[in-house]
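*Asks:* Quick one: sequence and predicted model below, then my questions.
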Amino acid sequence: DFELQTDGNRSGHFQNGELGLAPTNEDVIRIIAAQLAEIGDQFDKEIQGKVVNDLVQHFLSDKLSKQEITLHMARVVRELTQSIPSDMEQEKAMLVLAMVLTKKIVNTVPSLLHRVFNTTLNYMNQQLHNYIVEMVSA
């Protein structure tokens, strides 16, 4: 239970009365996740190791607050978004880039999983919450 899934499947379910997704939305979420994963595979090849290593150093720094790291990640995502073809929605590109960067950082330094995951979640909640809600409800 409560495994991190990156293929669009949910391994666990909410407990203790927490609000979960309606069962009818699971197929929609799987389709969206598959589309995002395909885009992520394309972006994965374009992100240079230097960008990932720079983010790793920020995550490893004890001197930076969570908010400072989130702001740095947002800045990196914005910069990378500028190199994405203009026919893609900017929010979708930002969402996929944040997830790909998270994967690359954790693959580089697995011990950062908790910190990177929380930072990415914080970033997505701050920057992309409305877009994610619209995407799922559409």
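*Replies:* Arrived safely, thanks for sending. Fair warning: this is a prediction, and the values are worked out from it, not measured in the lab. Numbers count the residues shown, from 1 in each chain.
*Asks:* tell me the centre residue of this protein?
*Replies:* Met99 (2.8 Å; Cα atoms, centre = their mean).
*Asks:* Mind checking what secondary structure that one has?
*Replies:* helix (DSSP: H, G, I helix; E, B strand; the rest coil).
*Asks:* packing partners for the host helix or strand of Gln57?
*Replies:* Using DSSP states H and E, Gln57 sits within helix 49-60. With contacts taken as 3 or more Cβ pairs under 8 Å, 6 or more residues apart in numbering; DSSP states H and E, helix 49-60 sits against helix 66-81, helix 90-108, helix 113-127. No exception for glycine: its C-beta is placed from N, CA and C like everyone else's.
*Asks:* what's in contact with the next helix or strand after the shortest one?
*Replies:* Spelled out, that is helix 113-127. The C-terminal neighbour of helix 113-127 among helices and strands, as given by DSSP H and E, is helix 129-137. Helix 129-137 is touched from outside by 25, 28-29, 32, 91-92, 95, 124, with contacts defined as Cβ atoms under 8 Å, 6 or more residues apart in numbering.
*Asks:* Recalculate using a threshold of 6 Å.
*Replies:* Helix 129-137 has contacts (Cβ atoms under 6 Å, 6 or more residues apart in numbering) with Glu91.
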